[in-house]
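sequence and computational prediction follow.
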Amino acid sequence: MTEKLFRHIGKPVERKEDARLVTGKGRFSDDFRLAGQAHAAIVRSPHPHARIRGIETAEALSSPGVLLVLTGRDCLDDGLEPIPHNPVPSTKYDMKLTAPGGGVPFIGPHHLLPDDKVRHVGEAVAIVVAETQAQALDGAERVLVDYEILPHVIHSEDAIAAGAPAVWDEVPENAFVDTRFGDWKGTERAFEQATHVVSAKFHVNRVTAVPLEPRSALASFDVETGRYVLYAGSGGAVRQKRELSSVLGIDPSRLRVLSYDVGGNFGARNRVYVEFGLVLWASQKLGRPVKYTATRSEAFLTDYQGRDLVTTVELALDEDGRFLALRADNISNVGARCVSLSPLSKGSGLITGSYDIPVAALRARAVFTNTMCTQAYRSSGRPEVTYAIERLIEIAARRLGFDPLELRLRNLVPPEAMPYRNAVGSIYDSGEYEKNMDRALVIADWAGFEARRQAAAERGKLLGRGFANYVESSIGTPKERAEITVKPDGTIEVVIGTQPSGQGHETSFAQVVAEMLDAPVENVTIVLGDTDVVSVGGGSHSGRSMRHAGTVMAMASADLVAEARRRAAELFDAPEEDVSFEGGRLVLPGTNHAVDLFELARLTERDHGPLFAARTNEMHTPVFPNGAAACEVEIDPKTGLVEITRYASVDDVGRCINPLIVHGQTHGGIAQGVGQAMWEECHVEPSSGQPVSGSFMDYGMPRSDNMPSFICEIAEVISPTNPLGIKAGGEGGTTPALAVVTNAVIDALRDTGVEDLPMPLTPLTVWKAIRHGAGHTDEDTRTTS
Amino acid sequence: MYELRYRRPADLAEAASLFEAAEDPAYISGGHTLLPTLKGRLAAPDALIDLRRLPELKGIRREGDRLVVGAGEVHRDVAASPDVREALPALAGLAGSIGDVHVRNHGTIGGSVANNDPAADYPAAVLGLGAVVRTNRREIAADDYFQGLFTTALEEGEIVVALSFPTGAECGYAKFRNPASRYAMAAVFVARFADAVRVAVTGAGNDGVFRWTAAEKALATSFSPEALADLSVAEADMIDDLHGSAEYRRHLVSVIAERAVANMGRAVVTP
C-alpha cells in the first residue's frame, strides 16, 4: 500500500459504541431472556483432588421446582464428547511443543462433567436445572457426592518432584510437555567461554482476569427444527459454535451462537466453558431454554486463569557486558487439564527479548496440578519471559557492576538487523528498539530522577525507578473473512468474525472501511457475533483483530470498488477502465457521468443484486510489537507501602488506526500488568488445596486511585508483513509492566541489599524484605577471568 | 440466598415485635457483612428486619457535652454533619474513610457497632472515646460492650438506638488499609481527655477491637509520637493472614498509632 494522506485512518475518532454502552443499551449475555426459561446451578467440588464414588441425585430431583439433574455418568451415557480445546499452538510460526520424548501431548480430556475424579476445587460435578435460580441452588445443595479424598498438588515444582500425586493416571509424572528448543551444544560452549554467568529463578504468579461481566449462557433447543441457539459472550462466536457442536455431536449448522456485547475478556473467554455445553445439553433434554450466569465467587474459582510460570534463566556475558548466550528452563502450570499451551509456546519464541543474543537454549515443560486451568491471559506468555530477561539483566548489572541501561543498549537488536531472526528462530519483522528506549527515558524524565529521589528521602520515602524493553509476537488464528454491503439507504454494512470486549472494533474497523470507500465513518456499521451471519472468523486474541480484520476489510473494499466500477461502466455505457473512483463516487472523467456508491447500489440492485463484496484471507506471518516502559515508585519504609508515582511507555504498534483507542488500550494494559505486579494473586493454600483469594476481600485490584496518570506515546514503525502495516496495540501495555514495577521496587530498596522479591509486591512482602533483608534468589553468579 | 421475608417496620416497637414473632430473625442496617453472608448461603434467617428507616434511630445532635448520633445514620451523613465536624472532626474523618461512596451511602453507624467486625472503623471510635451505646433497653459503656469477634453485649433482639460520644476530648484516627479489601489492616483511634488518654485499635487484633493500655499510659505522661517508640502490642494477639502476618500487624499498630498522635484533629488514611 502506498503512503498517502489518510482521511480516517490514524484519526482519534471517538468510539461509536460508547453512547450505547454507557446508556444501558448494551446487549450482554445475561440481558437475554427467553419465554419459559429454566435456571441452572452447578454442584462444584469442595476438594482439590478426589475420586467420585457415586452421586445421589434423588433428593435433589424431589426438591421443589427441580426439573433435571445431570452428572458425569449421564454425560458418558449420552455420548457427549470432551471439549476439543486443541491446546497446542500449531501454525507454522508457533514453537512446537511435544510430549516428553516427543509426540502429541496428553492433555486430559475436558468432559462437561467428570465421571472419574475431581481435579480442582470448584470443578463442576453436576448441573441442577429448576424453575427458578433459587430452586436450582436449593436442589444443588441436595446433590450428594460420595468422594474419596486423594492427595493433591498445587505448585508446578511440587508436581514434578518424585512421589507427587498424579493428577492424571495417564501422566504419572504430571509433566505432559517437555520440549527442548535452540542450540544446546552451542549454548553450552558459549557458557564455558563466558567471563560472567548470571542466573536467577522467578515465579510469575497466577492471576485471574476479573471481567466486569461474569460469564453467562442462555441455551434453547427447537424441537421442530432440531436446532440449538446459545446466547453466550466470548472471544469469538465461531470457535464456540465449532467446539460446542463437536461436544454435542451435531453438525455445526445445527448450532447458532450469539455473542454481542462482552464485558471484558483478556483471554479468559476465548475457550469454551463447560457450563455453555451444559445449558445446551439441558435445554435439549428439557425442551426448554436454560440459563446459567456465574456469580462473582464462581468467576474467581473457575474462570480460566493466567500466568503461573516458574522460570530459571542464565545469561552468559563477556567482559564488556556483551550477551553471549541465554539458557532457560520454563515450567508452566496448566492446572487440572490442558486448555491452552499458548502461554508456554508464545514465551518460548521470545526468551531472548529485545536483545541480540547469538545462541540460546530452552527447556519448556507444562505440568498438571490440582488447580483451575490456566489459559492465555492478556499478552499470553510474553510478560512472563519479558519479566525473566529484564529482571535478569537488572540483577546481572548489579552483580557485575554495569549500568543497567548501558547493558541493555549494548545488546539491543539494531534496526539494520531487521528482519531479525532470534536464537530460537522467531523473525522480528521491524522495530527501532533503541529509539523506543531513548524516547521512553525522555518522557519519563529519567534524568530528573536524582532530584526527585532526594526530595522523597527528605520526606522519609524511598524512591526507585525501573525500566524494561519488550518485544512480543502477534500470531493468532490465520483466517478471517469480511463481507461488505453498500446499501441504498446510505449505510455500509461490514460482517466480520472478530469479537470485541471493549476494544472499539465498531469504530476502528469502520475507519478502515470508510477510508477505503471514501465514506463517512458514521455510515459504516460493523456486524459481529451471530454465527448465522458471521460464518468465518478467528475471534479476538493474540492482538490479531486489527491486523487480520484490517487486511481482509481492505481487500474486500478493493473488491467492492472493482465491482462498483463494473456496474458504473455498464450504467455509463463506457469501458470499465475509463471509470474512476474518486471521493466516494464513480465518475467518467471528461463527462458529467457520476454516481456515488449508494446511488449505484440502488440503481443496480434489480439487475445485479446488492452491491456486495466478500473476501476470506489467510495471513500467517507474525508481527512483533515492541516498546519500552519506565516507572517510579515511592516506598514508605515504615509500612512497606509502594506507590507508583510515574509511568511512561513508548509502544510500537505499527500503523495506528485510532490513537485514542490505542491509548485507552495501553492504559488498560498497563493497569493490568501493574495489577499483577502489585496486588493480584490467585492464592491457593498448598496444604489444603483451597483457593484463598476467592473474592474482592482478598484479591487486590488496580483501581483509579492507585494508578498514576500515564505518559504514553505511540511509535509507528510500519510492519512490512501486511498491507496496512499494522502490528498490534492491545497487549503492549501489559507486557513490560511486571518487570518495570519490580525493577523499580528493587531499585528503591537498593540500600537494604534486597535483590529480588516475588510478585505481588504487597506492603507485607516489601516490609518483610526491609525488616529482614530477605529476598535473594537461590541462584548465584560465577565470574571467571 | 435462601428464601426469607424482608420486613421494614415503621417504628422501634414494631421492629422488636417482628423480631419476637419470627423463628430465626436477623436485623439489617446496611448489611455489608450480612448480605454477602446471605448470598453465600452461609446464614439463613427467616426474617430480615430493616432498621435503617426507623425514626427513633435518626438524628445527630448535641446534648450538653455529648454528641449523640442515631444508629440509623449512614456514614455519609455522619461525615458531613456540621455537629460531628465541629465536636469530633476525627470521627467525621473516620466516617468519611469507610469503604467507598456506595458503602457510605448505605452503611450505618449502628449496623457497624452492632456487627463488630474486627476490621470495622466505628468500633475504634466508640471504644477509643469511651462512648455509651444506647439501646432500646439500656445504656452500655463501650468498655463493657465489645466482647470479641462479631460479639457484643447486645442481648437477643436488642437494638442499638444511638451512640453517645463525649465531646471533651481531642481525637485522632489513623488507618492502614488492606490492599485488597480496603478494610483496616491496622487502625488506631486516640482520644486525649483532660485527665486521661484512651487508645483503641481495630483491624489488627484477633479478638477484635481492643484498648492499648500501655500506649494510653505512655501518652498520658508525654503526649507525643515518640512516647510510643519503645512500645508494641503482643504479637500473639494479632491477626495473621494472607495480607499481614502477626509480626507485620504488631509493627503496623505502633506505626499507625504514632501517625494518629501526630495528626490529632483528623483522620489519616493510607493507602
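Noted; the coordinates are in hand.

so residue B:186 sits in a strand?
Yes: Residue B:186 forms part of a strand when assessed by DSSP: H, G, I helix; E, B strand; the rest coil.

need the helices for the stretch 251-400 of chain A, in chain order.
A:274-286, A:296-302, A:342-348, A:382-400 (DSSP state H, counting those that start in this stretch).

mind putting those into JSON lines with mean pLDDT and distance to residue A:736?
To be clear about C-beta, it is placed using only N, CA and C from the backbone, and glycine gets the same treatment. Below are the helices of the stretch 251-400 of chain A laid out as JSON lines (pLDDT from 0 to 100; distance: least, Cβ to Cβ, whole Å):
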{"stretch": "helix A:274-286", "mean pLDDT": "98", "distance to residue A:736": "34"}
{"stretch": "helix A:296-302", "mean pLDDT": "97", "distance to residue A:736": "27"}
{"stretch": "helix A:342-348", "mean pLDDT": "96", "distance to residue A:736": "14"}
{"stretch": "helix A:382-400", "mean pLDDT": "98", "distance to residue A:736": "6"}
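
quick one, which of those helices is packed in tightest?
helix A:342-348 (a mean of 28; mean count of other Cβ atoms under 10 Å in any protein chain shown).

what sits up against that one?
For helix A:342-348, contacts defined as Cβ atoms under 8 Å, 6 or more residues apart in numbering or on different chains pick out A:87-89, A:94-95, A:97, A:177, A:179, A:181, A:306-307, A:309, A:330, A:332, A:362, A:364, A:366, A:374-377, A:380-382, A:384-385, A:424, A:472-473, A:475, A:542.

these in strands, which ones?
Judged by DSSP state E, the contacts of helix A:342-348 include A:177, A:179, A:181, A:306-307, A:309, A:330, A:332, A:362, A:364, A:366 as members of strands.

select, out of the helices of the stretch 251-400 of chain A, the one closest to residue B:78.
Checking these against residue B:78 by Cβ to Cβ gives helix A:296-302 as the closest, at 29.1 Å.

count of neighbours near the residue in the stretch 101-250 of chain B that chain A sits nearest to?
Nearest to chain A in the stretch 101-250 of chain B, going by Cβ to the nearest Cβ, is residue B:180, at a distance of 3.7 Å. Counted with other Cβ atoms under 10 Å in any protein chain shown, residues neighbouring residue B:180 total 22.

cool, residue A:59 as well?
When neighbours are counted by other Cβ under 10 Å, residue A:59 comes out with 14.

contacting residues around residue 29?
All of this refers to chain A. Contacts of residue A:29 by Cβ under 8 Å, 6+ apart are A:213, A:215-218, A:231-233, A:259, A:262, A:293.

you answered for a different chain; I wanted chain B.
B:50-52, B:57, B:71-72, B:108, B:110-111, B:114.

and these, which is closest to residue B:205?
Distances from residue B:205 to these, taken by Cβ to Cβ, are shortest for residue B:114, at 18.7 Å.

so the closest one touches residue B:160, yeah?
Yes: at 5.0 Å, residue B:114 and residue B:160 qualify as touching, with contact defined as Cβ atoms under 8 Å.

what's the overlap in contacts for those two?
B:71, B:154.

who has more neighbours, the two?
Ranked by neighbour count (other Cβ under 10 Å), residue B:114 and residue B:160 place residue B:160 first, with 27 against 23.
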